[in-house]
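Q: 3D, please:
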Amino acid sequence: MKRKFQKLIVILGPTASGKTKLAIKLALRLSSEQAKKRFGIKGVEIVSADSRQVYKGMDIGTAKITRDRPNKKRIGTNRKRIFDKNSISFDSDSSEYLHRGIPHYLLDVANPKRKFTVAQYRKLALKAIEKIQKKNKIPILCGGTGFYIQAVVDGLIIPEVPPDWKLRKKLEKKSVGELFKILKKLDPRRAKKIDKKNPRRLIRAIEICKKIGKTPPLKFKPLPYPVLMIGITRTRKELKQRIKKRFFDWLKRGLILEVMKLKKMGISSKRIEEFGMHYREISKYLKGEISEKEMIENSVREIQNYAKRQLTWFKKYPAPEQVRCGTSKIINWVKNFKEAEKLVKDYLKN
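A: Numbers count the residues shown, from 1 in each chain. Reported below is the predicted structural model:
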């Protein structure tokens, strides 16, 4: 029997653009009794599409939302107490991550000591989306990791090549520049499309090439229903200012201490630096390789460059005015909540 609501809303955009805030505001609005009655739904739940928020212990530097504090009056003897090194949550379902009463998925699901692949993400995200839809609720996929979003929306099928730990250990000693040169020699076609500053993607691509000769053409199995994709647009100047302000807020909240805690958890400096951007720069600062001023300047610049790469990725999807024939694979860029809300209401009416 076909489910009544096979729909998905995607909220995307570059880092610090306000994706999470928009998604939560939409979720709260659509979870009101008036909205439930109007659209015949039972609310909204959110699935994260962030490649770093999946890891436990990486909270401040990933702009991860906080868990709701437990209501002691509602805690009974049958409630399970779940301990986390960074937070304590009370809930009967350990997989549930509540923020302002809205369930969130794919947060704190992986150990930062081990790599979490896009194939693992796709499997868990599709499972979460289906679970939400079965409850007659609307899932919102929210994040800035374009590869994760593509894996879900376009149904990107990842080659099933098992990890070669011996090769990985050897490749991890090389710089991103050296890794890119190796991949370019093995598979020039793949080298043109890959994020050449992402060591994890480069190592994986080289691994696949070594196993099967070259990376195979990407295969897709798109979702069988229309998807509403909403992107938040900011001017370049505004985005740079937001990134800089947020980074200084992170420092005040204890970002450096967060990286130190990761080290105490037994995570090597090399592994922390694989997360890139500010995690890499703070690790270097803690090792005495760069000054505090260099750490701050390098971190802000790296995050701003990352935002540029995100926008480049999102250009893979055309804007509505560029599409002549009907398709759901477009990004509707908005400037504010009002514009996003109108798009969502129109989408849910159809």
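Q: any idea where the strands of the chain begin and end?
A: Shown for the chain, the strands assigned by DSSP state E span residues 8-12, 44-48, 81-83, 88-90, 97-99, 102-105, 138-143, 156-157, 219-220, 227-232, 331-334.
Q: a markdown table for those, including distance to A205?
A: Where you see a C-beta, it was placed from the backbone N, CA and C, and this is true even at glycine. Output for those, formatted as a markdown table (distance: least, Cβ to Cβ, whole Å):
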| stretch | distance to A205 |
| --- | --- |
| strand 8-12 | 24 |
| strand 44-48 | 25 |
| strand 81-83 | 37 |
| strand 88-90 | 37 |
| strand 97-99 | 32 |
| strand 102-105 | 28 |
| strand 138-143 | 22 |
| strand 156-157 | 14 |
| strand 219-220 | 16 |
| strand 227-232 | 26 |
| strand 331-334 | 26 |
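Q: mind putting those strands in TSV, mean neighbour count, distance to D195 and mean pLDDT included?
A: TSV is the format used below for these (neighbours: other Cβ atoms under 10 Å; distance: least, Cβ to Cβ, whole Å; pLDDT from 0 to 100):
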stretch	mean neighbour count	distance to D195	mean pLDDT
strand 8-12	26	16	97
strand 44-48	26	20	98
strand 81-83	12	35	31
strand 88-90	16	34	29
strand 97-99	19	28	95
strand 102-105	22	25	97
strand 138-143	26	16	97
strand 156-157	16	15	78
strand 219-220	10	19	77
strand 227-232	22	19	96
strand 331-334	19	19	96
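Q: who wins for proximity to T117 among these?
A: strand 156-157 (12.0 Å; Cβ to Cβ).
Q: Check which helices and strands that closest one is in contact with.
A: strand 219-220 (3 or more Cβ pairs under 8 Å, 6 or more residues apart in numbering; DSSP states H and E).
Q: what's the spacing between the strand it packs on and its chain's center?
A: How far strand 219-220 lies from its chain's middle: 21 Å, per Cα atoms, centre = their mean, to the nearest Å.
Q: How about stretch 278-297?
A: Distance, centroid of stretch 278-297 to centroid of chain: 24 Å (Cα atoms, centre = their mean).
Q: Just grab the bridge partners of the closest residue to I41 other than its chain neighbours for me.
A: Counting by Cβ to Cβ, 6 or more residues apart in numbering, I41 lies nearest to I138, which is 5.7 Å off, once chain neighbours are set aside. Beta bridges link I138 to V44, judged by DSSP bridges.
Q: Since that was my last question, I'll sign off now.
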